[in-house]
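Asks: I'd like to go over a predicted model; first the sequence, then the structure.
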Amino acid sequence: MRTRMVQFSGIGPRLRRIVRQTASELSKKVDLEIIGEHSDLDRSVLDHMIAPLEHMIRNSVAHGIEHPEERLAKGKSDTGKIAISVRREGSEIIIEVTDDGAGIDLDKVRAKARKMGVIKEHDDLSDEDAMQLILESGFSTAGEVSQISGRGVGMDVVNNEIKQLGGVLLIDSSRGKGTSFRINLPFTLAINQALLVQTGDELFAVPLTSIEGIVRIASGELATRYDEKNPVIEYAAYDYDLKHLNTLLGGSQPTFDSPEIKYPVLLVHSGGHRLALQVEGLLGSREIVVKSVGPQISKVRGISGATILGDGRVVLILDVPTLVRMSTGVKLVYSASAVEQEEEVAVSRQPTIMVVDDSITIRKVTSRMLERNNFQVLTAKDGVDAVSLLADETPDLMLLDIEMPRMDGYELATYIRNDSRLKDVPIIMITSRTGSKHRDRAISIGVNKYLGKPYQESELLEEINGLLEEQAG
């Protein structure tokens, strides 16, 4: 541990130089104060935080601190102050970046959001929600593009970097008084305190920092709650959404042999969301050495790393914030009687999506992403292959590429729109051809949505769910 630790003061001169340079370019006077610069951090945590801290400091100078004459007119000192505070709280490192500038102009943020179409004209956002908008990709309130600001690239990257480290970013701003960014980070990425849990036939490690408590609930009561539409558990005046961990991870549904058996339920939280995760057993807490899992497995949602137990078994470490985000929309199909269970399964039928793309990689990646989100998937390597599948199957939605051998996306979309059985199937075209000419041709054929490659998972899922809801309506 000692060899991994470095002092925050190591990047102090670098941060002070950035403040001097940015202030000089913008004709402002700014002092930087670092409090707790002798605090120890994990070297890899500090290395990952250098770029986010640099951007936040530039933001404070460019957007926050006013020009000397403005500050004097407001009764402030002509020299702005930026303070970086570093301290340790338990197993976390807290970094706060504060300035005494103008604060975030939330009216300007809301106006920009409406202009970009992020929110609608009549939407009334709270101040907290409006502040979160500055973390959106492509969002900037700068009047002009410069080397320092206006490109809309920055705070979204800062937020993503902090999330990848397992941290949380909180923003607080007071108009005319200043802004504060608080970052909660794990003390070290190498060693962690975790609870080993068994769910289904698998073992997983859950970081202790994300667990608020553990309760034991009889299986009879769990079965009753799972039958409810949105099952919750009350604990310490909070409501926790009840989920079965193995089901959430795409495994089997819970089975209860006897109504008297009590099962452990982990109470976890991330941001403002709380989740109760039912597991089959607890194997105690221990200090684990965190290992990276490589590029393939690291892309799987809900997993932050792995550890090796004393007997050589590899155990995956769960990423609780991601699990909390994944939990929305996962419905348990559990019921006491076989007849009711069949009815429940019928009600919660998984929508079928056909993926048509000549790239086997795209087909596999898209299929796995859809299966993780509870969709059934059919795949076809081109239009001809898709037509033969469509003879027997009518999917709920189709994802099409344009450039394919034998029959391309345009021809397949035309065939579907001219078939009386298939004409109402929603089509999303995903292609590297993003020009308006290609888009207009697709829309004229009757394609519902047109996305460019590479697509954002969240954006594609949003479009799919929106079209399926329209279809159901």
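Replies: Yes, it's here. Numbering: from 1, shown residues only.

Asks: and residue 294, how far from residue 391?
Replies: 41 Å (CB to CB, to the nearest Å). All C-beta atoms are positioned from the backbone trio N, CA, C, and that covers glycine.

Asks: repeat for residue 237
Replies: From residue 237 over to residue 391 the distance is 57 Å, taken as CB to CB.

Asks: which one's more surrounded, these two?
Replies: Residue environment comparison for residue 237 versus residue 391 gives the larger neighbour count to residue 391, 8 against 5, counting by other CB atoms under 10 Å.

Asks: following the helix or strand of the chain with the lowest mean pLDDT in sequence, what is the next regular element?
Replies: Within the chain, confidence by mean pLDDT, DSSP states H and E is lowest for helix 338-347 among all helices and strands, at a mean of 44. Scanning forward in sequence from helix 338-347 by DSSP states H and E, the next helix or strand is strand 352-356.

Asks: list the buried ones in the helix or strand that that following strand is followed by?
Replies: Past strand 352-356, further along toward the C-terminus, the next helix or strand under DSSP H and E is helix 360-372. Of all the residues in helix 360-372, those buried under the rule 16 or more other CB atoms under 10 Å are 362, 363, 365, 366, 367, 369, 370.

Asks: turn those residues into TSV, columns for pLDDT.
Replies: Supplementary listing: these in TSV, determined by pLDDT from 0 to 100:
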residue	pLDDT
362	82
363	84
365	84
366	85
367	86
369	85
370	86
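
Asks: may I ask which two of these are separated the most?
Replies: Using CB to CB, the two most remote members of the buried residues of helix 360-372 are 362 and 370, lying 12.1 Å apart.

Asks: joint contacts of those two?
Replies: With contacts taken as CB atoms under 8 Å, 6 or more residues apart in numbering, residue 362 and residue 370 have residue 355 as neighbours in common.

Asks: can you pull the phi/psi pair for the residue minimising distance to the centre of the chain?
Replies: The central residue of the chain, meaning the one whose C-alpha is nearest the mean C-alpha position (CA atoms, centre = their mean), is residue 322 at 6.2 Å. As for residue 322, its main-chain torsions (degrees, to the nearest 10) stand at phi -70, psi -40.

Asks: please apply the same query to residue 86.
Replies: According to degrees, to the nearest 10, the main-chain angles of residue 86 amount to phi -120, psi 120.

Asks: got it, and the one 4 residues further on?
Replies: The phi and psi values for residue 90, taken as degrees, to the nearest 10, are phi 60, psi -120.

Asks: buried ones in the helix or strand in which residue 315 is found?
Replies: Here residue 315, judged by DSSP H and E, is contained in strand 314-318. Along strand 314-318, these residues count as buried under the neighbour rule (16+ other CB under 10 Å): 315, 316, 317, 318.

Asks: quick one: the first one and residue 196 touch, right?
Replies: Yes: using CB atoms under 8 Å, residue 315 and residue 196 qualify as a contacting pair, with a distance of 6.8 Å.

Asks: what is in contact with the two at once?
Replies: Once CB under 8 Å, 6+ apart is applied, the residues that residue 315 and residue 196 both contact turn out to be 203, 204, 205.

Asks: so the second one: helix, strand or coil?
Replies: Three-state assignment for residue 204 (DSSP: H, G, I helix; E, B strand; the rest coil): strand.

Asks: and it, what are its bridge partners?
Replies: residue 197, residue 316 (DSSP bridges).

Asks: list the contacts of it.
Replies: So residue 204 contacts 196, 197, 245, 315, 316, 317, 318 (CB under 8 Å, 6+ apart).

Asks: low-confidence ranges in the chain?
Replies: Counting by pLDDT under 70, the low-confidence segments of the chain come to 1, 137-154, 189-190, 271-272, 327-349, 473.

Asks: can I see the domain layout of it?
Replies: Listed by automatic domain parsing, the domain ranges of the chain are 5-186, 191-343, 350-472.

Asks: the strands in the stretch 1-150 of the chain, which residues?
Replies: Assignment of strands within the stretch 1-150 of the chain using DSSP state E, counting those that start in this stretch yields the ranges 5-7, 30-35, 40-42, 80-89, 92-99.

Asks: same for the fourth one, what does it pack against?
Replies: The reference is to strand 80-89. With contacts defined as 3 or more CB pairs under 8 Å, 6 or more residues apart in numbering; DSSP states H and E, the secondary structure elements packing on strand 80-89 are strand 30-35, helix 43-59, strand 92-99.

Asks: now with 6 Å?
Replies: The contact analysis (3 or more CB pairs under 6 Å, 6 or more residues apart in numbering; DSSP states H and E) places strand 80-89 against strand 30-35, strand 92-99.

Asks: highest mean neighbour count out of the ones you listed?
Replies: strand 92-99 (a mean of 21; mean count of other CB atoms under 10 Å).

Asks: got the contact list for it?
Replies: Where contact means CB atoms under 6 Å, 6 or more residues apart in numbering, the residues beyond strand 92-99 that reach it are 41, 56, 60, 64-65, 82-87, 178-185, 187.

Asks: please pick the buried ones from those residues.
Replies: When neighbours are counted using 16+ other CB under 10 Å, those contain these buried positions: 41, 56, 60, 64-65, 82-86, 178-181, 183-185, 187.

Asks: so where do the helices sit in the stretch 151-300 of the chain?
Replies: For the stretch 151-300 of the chain, the helices defined by DSSP state H, counting those that start in this stretch occupy 155-164, 219-226, 245-248, 294-298.

Asks: in PDB, list the C-alpha atoms belonging to the longest one.
Replies: C-alpha atoms of helix 155-164 as PDB (Å, rounded to 0.1, in the frame of the first residue of the first chain):
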ATOM      1  CA  MET A 155     -17.600  18.100 -18.100                       C
ATOM      2  CA  ASP A 156     -19.100  15.000 -19.600                       C
ATOM      3  CA  VAL A 157     -15.500  13.500 -19.900                       C
ATOM      4  CA  VAL A 158     -14.800  14.600 -16.300                       C
ATOM      5  CA  ASN A 159     -18.000  12.900 -15.100                       C
ATOM      6  CA  ASN A 160     -17.200   9.700 -17.000                       C
ATOM      7  CA  GLU A 161     -13.700   9.500 -15.700                       C
ATOM      8  CA  ILE A 162     -14.900   9.900 -12.100                       C
ATOM      9  CA  LYS A 163     -17.500   7.200 -12.700                       C
ATOM     10  CA  GLN A 164     -14.900   4.800 -14.100                       C
END
